[in-house]
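Enquirer: I would like the atomic coordinates for the input below:
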Amino acid sequence: MAVKSNTVFKAAVGAVALAVVAYIALQYKSVDEWVQFAIDNVNNLKQVLLDAGYWGPVIIFALYLVTTVFMLPLWGFHMTCGFVYGTFWSALLISVTQAVCAGAAFLTSRYVARPFIKERLHKYFGKKYDAIDRAVGKQGFKIILLLRLSPIIPFGINNYICGCTQMRFWDFVLGTWLGILPGTTAYCNLGAIGESVRVDEFSALSSL
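Expert: Next comes the predicted model:
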């Protein structure tokens, strides 16, 4: 009973915290205005990062945290970072940031959504849900690694689904990081290639 009460308390605190953040945000802009604000800033992200200097990684982390927790789209993010920072540093920065922010969404799901979702799933699936939940708890690292390598479930939804299981937090974070690293590196490399082509074209034109 004490454990259940503690879980409900954590869920209530998390829900209140999210409600407060949402309320404060909506005092400044409407939902549509926040979406448009995000789109405009993503479109200008390259110049923002170039102007930010050492604060660039902080901006990246903040953007990714908001978009991951609230499952918002972030168009062209990897390639833009590859364009600015090059393949190696952008892939390292983005993959670590993604893993950390996915972990934040995972914890949000576990302590806010899980008490309610788990109860409904248990009523619907019965003992089958308990068996799946135990299996995910034991093999969480392998399962999340395979899901990230082959994104059957979208990134944002995956974070919240896994948070409603017994999967261990560090298994989730490490499996996420290793699973997204190949794809992240590929996208960042495309951005770096674009920057290389742009520089080569500029050099060629300058020599004329």
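Enquirer: Show me which positions of the helix or strand encompassing Ile132 end up buried.
Expert: Take DSSP states H and E as the rule and Ile132 turns out to sit in helix 127-138. Neighbour counts over helix 127-138 (16 or more other CB atoms under 10 Å) mark 129, 133, 136 as buried. Where C-beta positions appear, they are placed from N, C-alpha and C, glycine not excepted.
Enquirer: Tell me which helix or strand comes right after that helix.
Expert: helix 140-149.
Enquirer: Let me know whether Leu74 touches Leu65 as I believe.
Expert: No - counting by CB atoms under 8 Å, Leu74 does not reach Leu65; the two are 11.1 Å apart.
Enquirer: Can you pull out the low-pLDDT segments for the chain?
Expert: 1-29, 31, 33-45, 75, 151, 195-208 (pLDDT under 70).
Enquirer: The most centrally placed residue in the chain: what's it in contact with?
Expert: Among the residues of the chain, Thr68 comes closest to the average C-alpha position under CA atoms, centre = their mean, at 3.7 Å. By CB atoms under 8 Å, 6 or more residues apart in numbering, the residues touching Thr68 are 98, 101-102, 104-105, 155-156, 159.
Enquirer: Filter these down to just the buried residues.
Expert: 98, 101-102, 105, 155-156, 159.
Enquirer: could those go into JSON lines alongside distance to Arg168 and secondary structure?
Expert: Listed next are the buried ones among the contacts of Thr68 as JSON lines, based on distance: CB to CB, whole Å; DSSP: H, G, I helix; E, B strand; the rest coil:
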{"residue": "Gln98", "distance to Arg168": "19", "secondary structure": "helix"}
{"residue": "Cys101", "distance to Arg168": "18", "secondary structure": "helix"}
{"residue": "Ala102", "distance to Arg168": "14", "secondary structure": "helix"}
{"residue": "Ala105", "distance to Arg168": "16", "secondary structure": "helix"}
{"residue": "Phe155", "distance to Arg168": "19", "secondary structure": "helix"}
{"residue": "Gly156", "distance to Arg168": "20", "secondary structure": "helix"}
{"residue": "Asn159", "distance to Arg168": "15", "secondary structure": "helix"}
